[in-house]
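>>> Sequence and predicted structure below; questions after.
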Amino acid sequence: IQGVYGITYGACALGIIWAVINYIRISKIQVTHSLVGNDSAKYGQHTPETLEDVGRYIAEGANAFLAQEYQYIAPFIVLMTIVIIFVAEKELGYFYTAVAFVLGALTSCVAGFIGMKVAVFSNYRTTFQAQKGLAEGFKVAFQAGCVMGFFLVSISLFVLMTLIIVGQKIYGYDQSEDKVYFWESIAGYGLGGSTIALFGRVGGGIYTKAADVGADLVGKVEKGLPEDSPKNPATIADNVGDNVGDIAGMGADLFGSFAESTCAALVIASNAKDLLVGTYIYYPIVLSAFGLFACFLTSIFATDIMSVNQEEQIQNTLKWQLIISTVILTPVHYAVAQLMLPKTFKLGEINSNNIYAFYCAISGLWAGFIIGYITEYYTSHSYAPVREVASSCETGAATNIIYGLALGYLSTVIPVICIAVCAYVSHKLLGMFGVAIAALGMLSNLAVGLAIDSYGPISDNAGGIAEMCELGEEVRKRTDALDAAGNTTAAIGKGFAIGSAALVSLSLYGAFITRSSKTGKEGGFKHKIGDASITSPLVFSGLLIGAMLPYAFSAMTMKSVGKAAKQMVEEVRRQIRVYPGILTGETRPQYSECVKISTQASLKEMFAPGALVILTPLLVGLTFGPKAIAGLLAGALVSGVQMAISASNTGGAWDNAKKYIEAGYLQVNGQVRKKGSEEHKAAVIGDTVGDPLKDTSGPSLNILIKLSAILSLVFARLFGDYALLVCALGEGGDECRPEPGK
């Protein structure tokens, strides 16, 4: 056991040290009045001090939003903790599920906050370094991504391991049933992380897209202003949104996936007596620890070995991060399976061996790799699909919308096949435990995945700051190149998040079925789940309800973006109408008013979608019992994955089609069509429609399918013992029959 502790805490220490080293490297960049070796006058009339001013405006807006968001969420966390203590714990006096829930929520908050702080610390430094060259700007943005990725994974693993060690010391256990309950209580950690992720993703997504849509519709379409123009009142709010949505929100989302997949593997493994011996049950944790070691080696290639001197090298360097980490981790997974699992063991009725665990892990790892590349193919303007969407703008916005939607639908085919093959192989080999291991395999290079994902919004911010400070066309060209690659990496990050969410949700579903299938004599519940096949009327009805949830959720989040964007459009028009000097540069826009609108609208609108996700499984389970939940979770998973992939890739393709035109790559009848052309206006409309799809509804669906599953797992005891209509519907067994003589 000491070896397990050493490996885990050693990996966490390495990850945190590497994050600190990269932070120190960034902090050494001094934004001064002049540029070494360059004539700063050619970049415009503004000095680098203006960079700090704009960076400060963005940081203040992001800090204010997160502080208010966490204040709004805090009472809900307290309420959920009380509910867990009284209805989800084994009996009164047990608090460990509640403790795990609170720690998961706090860890998610800290990880999101640290990531946001690093992003707003690095964005204007990326702009400053981009004045010197492409390589300098790239290095800052990627180093900032490394701080986010390695800190989040390290702190997540550290808190989880400490939670387990302290829990064992406090509670102790000797009987197998006590051990099983202890590991089931750890699921609260994943629930806490996903609860914060839900509000972070939805709230941050509404914030960023309200500002983005408002800025685009008035600034670009109506007034012909460049993107991120200092004359656009919504520009600062737009840049704030990149941090609270794509940094804090994505960080919380992937933290939730990591925590939930680990918890699912632990819960399922705890039901196999062979894995409760020695340190075998720690296999999922050690798997993640070795992933950190591999990601550290991989990231050095981007920060210290590979160079980025040309635009095409940016994308290649980021892609090599995925290739190198996947190749390194393949033999690592084999070694971990040999080290941490018995040669043969039994999972329920399945006779297994450690080689099967290796196959499950690499099936998830390579499925994630393929999903990442397919996502890049459908969202990067280096390939035919996005160029086809850009060409469709020749005939207006309508054809652009049609082509973009078709691209999104088509892009689901290969990722879904990859997920299906991975799920089949892993389930065939190790049952639901294999699915949980496959999810961990897909997330084993999470530190690198988060680094390249965080790189995107930081580069986007850097481009916005360059435009606001009017640093000149050459600098903006460099930041645009960084941003274009960042758009694709962000789409790849969303692909990973969706793929892992599918496997995580399936593994949590398996943990729920396992927990709900026990009889009372086995420490189970009054209403055992029994037959959960699709031919059961209650399961099928639940399936239909679950399949509807992603549509209802997407409708609510998209309408919320629309309502907030409408307020933003009206405010931008008002400022331009009241202060005509804004468009001539004589009057400074009131940026704070737009920041206030996005903040208030997102905080107000995030609770209704959140309530839908949290209350639906609770109400269905408490009314109709575990069998209805089995259908609900399956329906939400199958429907939600398709919608999430389609929405994210459609929006990403529209965004990069717009950038393809802005870069001057589109030619019609031998003439180049750039900014200001009719084709560009059509592309902007497509991008505006895609904004809430790719940054609000699509990514938030990951959390819907995961949170529904982890919530059901944690509250399985409530559903199994107190479901109101199970007996009335004739879905119960002996427990519904009256005792003799009564």
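Done, it's in.
>>> Which helix or strand lies directly C-terminal to the helix or strand where residue 653 lies?
Following DSSP states H and E, one finds residue 653 within helix 626-662. Moving toward the C-terminus from helix 626-662, the first helix or strand encountered (DSSP H and E) is strand 667-668.
>>> average model confidence for that next one?
Along strand 667-668, the predicted confidence averages to a pLDDT of 84.
>>> Relative to that strand, what are the paired strands and their orientations?
Using DSSP bridges, the neighbouring strands of strand 667-668 in the sheet come out as strand 671-672 (antiparallel).
>>> residues making contact with the strand it pairs with?
Contacting residues not belonging to strand 671-672 are listed as 664, 666 [CB atoms under 8 Å, 6 or more residues apart in numbering]. Heads up, the C-betas are built off the backbone N, CA and C, glycines and all.
>>> how far does it sit from the chain's center?
Averaging C-alpha coordinates over strand 671-672 and over its chain gives two centres that are 39 Å apart (CA atoms, centre = their mean, to the nearest Å).
>>> quick one: the strands in this protein?
344-347, 350-353, 667-668, 671-672 (DSSP state E).
>>> Quick check: which of those strands is nearest to residue 392?
strand 667-668 (11.7 Å; CB to CB).
>>> chain center to that closest one: distance?
The chain centroid and the centroid of strand 667-668 are separated by 37 Å, computed with CA atoms, centre = their mean.
>>> what does stretch 537-556 give?
22 Å.
>>> same thing with stretch 51-62?
The chain centroid and the centroid of stretch 51-62 are separated by 25 Å under CA atoms, centre = their mean.
>>> ok, and what's touching that stretch?
For stretch 51-62, contacts defined as CB under 8 Å, 6+ apart pick out 31, 116-117, 119-121, 123-124, 127-128, 236-237, 239-240, 243-244, 461, 465, 468-469, 591, 595, 599.
>>> what's the answer for stretch 636-647, then?
By CB under 8 Å, 6+ apart, the list of residues contacting stretch 636-647 from outside reads 408-409, 411-412, 415-416, 419, 494-495, 498, 501-502, 505-506, 509, 546-551, 554, 693-694, 697-699, 701-702, 704-705, 708-709.
>>> From the residues you listed, list the buried ones, please.
Taking 16 or more other CB atoms under 10 Å as the criterion, what is buried in those is 408, 411-412, 415-416, 419, 494-495, 498, 501-502, 505-506, 509, 546-547, 549-550, 554, 693-694, 697-699, 701-702, 704-705, 708-709.
>>> Now intersect those with the helices, please.
Judged by DSSP state H, the subset of the buried ones among the contacts of stretch 636-647 located in helices is 408, 415-416, 419, 494-495, 498, 501-502, 505-506, 509, 546-547, 549-550, 554, 698-699, 701-702, 704-705, 708-709.
>>> what's the weakest-modelled helix or strand in this structure?
helix 176-185 (a mean of 73; mean pLDDT, DSSP states H and E).
>>> Show me what it is in contact with.
Contact with helix 176-185 is made by 89-90, 94, 96-97, 100, 167-168, 171, 173, 266-267, 269-271, 273, 276, 281, 515, 522-523, 713, as judged by CB under 8 Å, 6+ apart.
>>> what do you get for stretch 382-397?
Where contact means CB under 8 Å, 6+ apart, the residues beyond stretch 382-397 that reach it are 315, 376-381, 399-400, 402-404, 407, 410-411, 653-654, 656-658, 660-661, 665-666, 668, 678-683, 685-686.
>>> Type out the PyMOL command that picks the buried ones from these.
In PyMOL, a selection of the buried entries from those looks like this (16+ other CB under 10 Å):
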select buried, resi 315+376+377+378+379+380+381+399+400+403+404+407+411+653+654+656+657+658+660+661+666+679+680+681+682+683+685+686
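>>> Relative to the whole chain's centre, how far out is the least confident helix or strand of the chain?
Helix 176-185 has its average C-alpha position 29 Å from the chain's average C-alpha position, going by CA atoms, centre = their mean.
>>> buried ones in that helix?
Neighbour counts using 16+ other CB under 10 Å place 179, 180, 181, 182, 183, 184, 185 of helix 176-185 among the buried residues.
>>> Over to stretch 591-602?
Those buried within stretch 591-602 under the rule 16+ other CB under 10 Å are 591, 593, 594, 595, 597, 598, 599, 601, 602.
>>> just for the stretch 51-200 of the chain, where's the confidence low?
Residue ranges of the stretch 51-200 of the chain with pLDDT under 70: 91-93, 171-178.
>>> ok, 80 please
88-94, 170-181 (pLDDT under 80).
>>> quick one: contacts for the residue lying closest to residue 319 once chain neighbours are set aside?
Beyond its immediate neighbours in the sequence, the residue positioned closest to residue 319 (CB to CB, 6 or more residues apart in numbering) is residue 376, lying 7.3 Å away. For residue 376, the set of contacting residues under the criterion of CB under 8 Å, 6+ apart consists of 319, 383, 488, 491, 492.
>>> ok, now residue 320?
With contacts defined as CB under 8 Å, 6+ apart, the neighbours of residue 320 are 301, 302, 306.
>>> which one of those residues sits closest to residue 107?
Each of those was scored against residue 107 by CB to CB, and residue 302 proved nearest at 26.5 Å.
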